[in-house]
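Student: need a structure here:
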Amino acid sequence: MEKMARAGLLIDRLAASAALAVAVVLTSCGEGSPGSTSPPQAETKTAALAETPTFSADSAYAYVERQVAFGHRVPNSIGHRQCGDYLIDQLESFGATVSVQEARVTAYDGTKLDIRNIFGAFNPRQKRRILLYAHWDTRPYADKDTVRTREPIDGANDGASGVGVLLELARIMGDSLPSVGVDIAFFDAEDYGEPEWLPNRDSDYTDWCLGSQYWARKPHVPGYRAKYGILLDMVGAKGAVFHREGTSMALAPTVVEKVWSTARLLGHADLFRNRVTPQTIDDNLFVSQLAGIPSANIVHYHLDTRMMGYFPFHHTHGDNMDAIDPEVLGKVGEVLTQVVYAE
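Tutor: Numbers count the residues shown, from 1 in each chain. Coordinates of the predicted model:
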């Protein structure tokens, strides 16, 4: 789904900082425009890496595969219910304090969606906390495909990959707690926005990310605060690249720098690159703006003019296990693990 608007529409309505006064393209679960430039990057001091547990790429891959085995995870479906139960069971098995936020939200077409936002807290008594999150639902349409466009997709990368990385990190933390409090959130109904085939599409960007919007207005813990957040969205595909996402740079540049400088220290600059994408509409927007938790988005987005936008199988039936590369999952997981244990 491609959605573009003036920067002012998004920023004025959500009372963003003056840093977004420059007009840029906004993209909702779709593709942006070429011409993004990279601002000069400040020199960062070389830091020593923290000792961390080993992140298993194979384990993360297995968690992705297990989610896909449930079939599509579109809200109100059997696979959705079964996968949600599985995620809850996994977090509990790792020793997390689990909370489930159930809600009924309304999709762009009036459909009532029964959703669950799922949370696992590690070090729940620690006041200094960070929030790590991904969406666990899948797209109800393959609306960027040329076949079976009205059928739901597997969502191996768009949904399951971020959850898989976070499940492996949860497993690690269950064995060896970091010093900081960590909350893992699996947000629902991120991908139920308007399909490509609708004529005269006129909804605004709020038809996406329904679960994170609901939570940002009504947190699972009243008054919930975190120092910062990191979103994982499409973090496991072959040929992945993670440029600095535009909304993250506007609303949470120091968090972006924390993640990307860590990736450089780990030798993963081949994946974590320094160009800036157009602003995208994703869960981090609503967590940053509505919940007040500055968040960076690690998302697969190409800036090559031959392949502009999200990964090649975005919102198609090609988003299946064949698209997933365990090595990419492993590198993202290593970066996230280092960020957590370095706190």
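
Student: do a quick rundown of the strands in the stretch 101-250 of the chain.
Tutor: Secondary structure of the stretch 101-250 of the chain (DSSP state E, counting those that start in this stretch): strands located at 112-122, 129-135, 181-187, 228-233, 242-244.

Student: which helices and strands sit right next to the second one?
Tutor: Using 3 or more Cβ pairs under 8 Å, 6 or more residues apart in numbering; DSSP states H and E as the contact definition, the elements that strand 129-135 packs against are helix 162-175, strand 181-187, helix 210-217, strand 228-233, helix 283-289, helix 326-341. Where you see a C-beta, it was placed from the backbone N, CA and C, and this is true even at glycine.

Student: go again using 6 Å as the cut-off
Tutor: The contact analysis (3 or more Cβ pairs under 6 Å, 6 or more residues apart in numbering; DSSP states H and E) places strand 129-135 against helix 162-175, strand 181-187, strand 228-233.

Student: now do the longest one
Tutor: The helices and strands touching strand 112-122, judged by 3+ Cβ pairs under 6 Å, 6+ apart, are helix 78-93, strand 97-106, strand 181-187, helix 210-217.

Student: tell me the buried residues in it?
Tutor: By 16 or more other Cβ atoms under 10 Å, the buried positions in strand 112-122 come out as 113, 115-122.

Student: and for stretch 59-72?
Tutor: 59-61, 63-64, 66-68, 70-72.

Student: show residues contacting it.
Tutor: Contacts of stretch 59-72 with the rest of the structure, by Cβ atoms under 6 Å, 6 or more residues apart in numbering, involve 79, 82-83, 138, 152, 154, 156, 160-161, 164-165, 167-168, 321, 324, 326, 329, 333.

Student: picking that back up, nearest to Ala269, out of the helices and strands packed on strand 129-135?
Tutor: strand 228-233 (18.0 Å; Cβ to Cβ).

Student: what angle sits between the closest one and strand 181-187?
Tutor: Between strand 228-233 and strand 181-187, the angle comes out at 40 degrees (axes from the mean of the first three to the mean of the last three Cα atoms, to 10 degrees).

Student: just to revisit the earlier point, pick the most buried one from the helices and strands packed on strand 112-122.
Tutor: Mean neighbours per residue, mean count of other Cβ atoms under 10 Å, is largest over those for strand 181-187, with a mean of 25.

Student: and which of the buried residues of stretch 59-72 is nearest to Ala107?
Tutor: The closest of these to Ala107 turns out to be His72 (Cβ to Cβ; 15.4 Å).

Student: relative to Ile130, how far out is the closest residue to Trp215 other than its chain neighbours?
Tutor: Spatial nearest neighbour of Trp215, excluding adjacent residues (Cβ to Cβ, 6 or more residues apart in numbering): Asn117 at 5.2 Å. Counting by Cβ to Cβ, to the nearest Å, the separation of Asn117 from Ile130 is 17 Å.

Student: ditto for Met249
Tutor: Look at Met249 and Ile130: by Cβ to Cβ, they are 19 Å apart.

Student: repeat for Gly181
Tutor: For Gly181, the distance to Ile130 - Cβ to Cβ - is 7 Å.

Student: any chance of the strands of the stretch 101-250 of the chain in TSV, plus distance to Thr277 and mean pLDDT?
Tutor: Converted to TSV, the strands of the stretch 101-250 of the chain look like this (distance: least, Cβ to Cβ, whole Å; pLDDT from 0 to 100):
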stretch	distance to Thr277	mean pLDDT
strand 112-122	26	98
strand 129-135	18	99
strand 181-187	21	99
strand 228-233	12	98
strand 242-244	5	98
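
Student: can you list those strands in JSON lines and add distance to Tyr310?
Tutor: Converted to JSON lines, the strands of the stretch 101-250 of the chain look like this (distance: least, Cβ to Cβ, whole Å):
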{"stretch": "strand 112-122", "distance to Tyr310": "23"}
{"stretch": "strand 129-135", "distance to Tyr310": "14"}
{"stretch": "strand 181-187", "distance to Tyr310": "18"}
{"stretch": "strand 228-233", "distance to Tyr310": "9"}
{"stretch": "strand 242-244", "distance to Tyr310": "11"}
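
Student: which one of those lies nearest to Tyr214?
Tutor: Closest to Tyr214 of the strands of the stretch 101-250 of the chain, according to Cβ to Cβ: strand 112-122, at 7.1 Å.

Student: what are the C-alpha coordinates of the closest one, in CSV please?
Tutor: Only the C-alpha atoms of strand 112-122 are listed here, as CSV (Å, rounded to 0.1, in the frame of the first residue of the first chain):
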residue,chain,number,x,y,z
LYS,A,112,-14.5,-4.9,13.7
LEU,A,113,-11.2,-6.5,14.5
ASP,A,114,-10.6,-8.4,17.8
ILE,A,115,-6.9,-7.8,18.6
ARG,A,116,-4.4,-8.6,21.2
ASN,A,117,-1.3,-6.6,22.0
ILE,A,118,1.1,-8.9,23.9
PHE,A,119,3.8,-7.8,26.3
GLY,A,120,6.6,-9.5,28.1
ALA,A,121,8.5,-7.7,30.9
PHE,A,122,12.0,-8.6,32.0
